[in-house]
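>>> coords please:
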Amino acid sequence: MTPILYRDNFYILDDGRVRQFLITGTDKALLLDTGFPDSHVWETVRSLTDGPVTILLTHGDQDHTGGLRKTDTCYLHPGDWPLVPAGPQLLPLHEGDVFTCGGYRLETIEIPGHSPGSVAFLDREKKLLLPGDSVQKSGPIYLFGGHRDLDAYIRSLQKLEIYMDAIEEIIPCHSEYPLNSASIQQVRLDAQALKNGQLPGEKHPVLPCSLYRGAWTQFLY
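Below you'll find the predicted structure:
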């Protein structure tokens, strides 16, 4: 994995399947998500900083938590605690929690739907949104399985639309980046079309779901 210095003190760590983020400061760092078990995120992190690292998780799916070590302490919304195997110490993450590092101020926004405990992180000064998996161009966005909720997902996108004037750049964990704030509305319109049965779909060859194609993004549902 080759880290990309995308902004001052802001690295994108991308293994080709999922994207993590590292913010470095003078005496600490923030790591957003830990990738798959084989993403080797920690080796990359330690090549960039040797200071203490606070781990924030956008949600509990394995491609975002698989790199957690049993000795790690991390912040995760309690709604997703059941998705993480026993071992790491989980600290609660809630609406309005703020984390600062390296000139960034990340505000937590609860956006359940993709998972019960999905969150986004917003830096209002830098007009930057890190939405995990909930806002993507092309996708596919996973909305099948017992812990997904399409209705909650649509409500969360409507909630994010309230922040559109405070956002200029969106960096999701999958697919294309950067996106602009209009992407939130475009994904929401596709999600509503999915709920209304208006999107063309085809059965997935392996997964127990179908792939639905919207005007902006795709969903596995």
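
>>> OK, contacts around the closest residue to L57 other than its chain neighbours?
By the measure of Cβ to Cβ, 6 or more residues apart in numbering, the closest residue to L57 outside its immediate chain neighbours is L76, 4.3 Å from it. In this view, the C-beta of every residue, glycine as well, is placed from N, C-alpha and C. Contact analysis of L76 by Cβ atoms under 8 Å, 6 or more residues apart in numbering lists L57, H59, G60, T65, V84, L90, L91, P92, L93, G117.

>>> now the buried members of the residues you listed.
L57, H59, G60, T65, V84, L90, L93, G117 (16 or more other Cβ atoms under 10 Å).

>>> which of those residues sits closest to E43?
In terms of Cβ to Cβ, no member of those lies closer to E43 than T65, at 17.1 Å.

>>> which ones are touching the residue minimising distance to the centre of the chain?
The central residue of the chain, meaning the one whose C-alpha is nearest the mean C-alpha position (Cα atoms, centre = their mean), is G132 at 1.1 Å. If a contact means Cβ under 8 Å, 6+ apart, then G132 has D33, T58, H59, H64, I111, H114, S118, V119, A120, P172, C173 as its contacts.

>>> distance of the closest residue in space to Y221 that isn't next to it in sequence from L207?
Nearest residue to Y221 in three dimensions, chain neighbours excluded: L143, at 4.6 Å (Cβ to Cβ, 6+ apart). Computed as Cβ to Cβ, to the nearest Å, the L143 to L207 distance reads 12 Å.

>>> ok, the contacts of G132 vs T26, which is closest?
Checking the contacts of G132 against T26 with Cβ to Cβ, the nearest one is D33 at 23.0 Å.

>>> make sure that closest one is actually in contact with F21.
Yes - taking Cβ atoms under 8 Å as the contact criterion, D33 and F21 are neighbours in contact, 7.2 Å apart.
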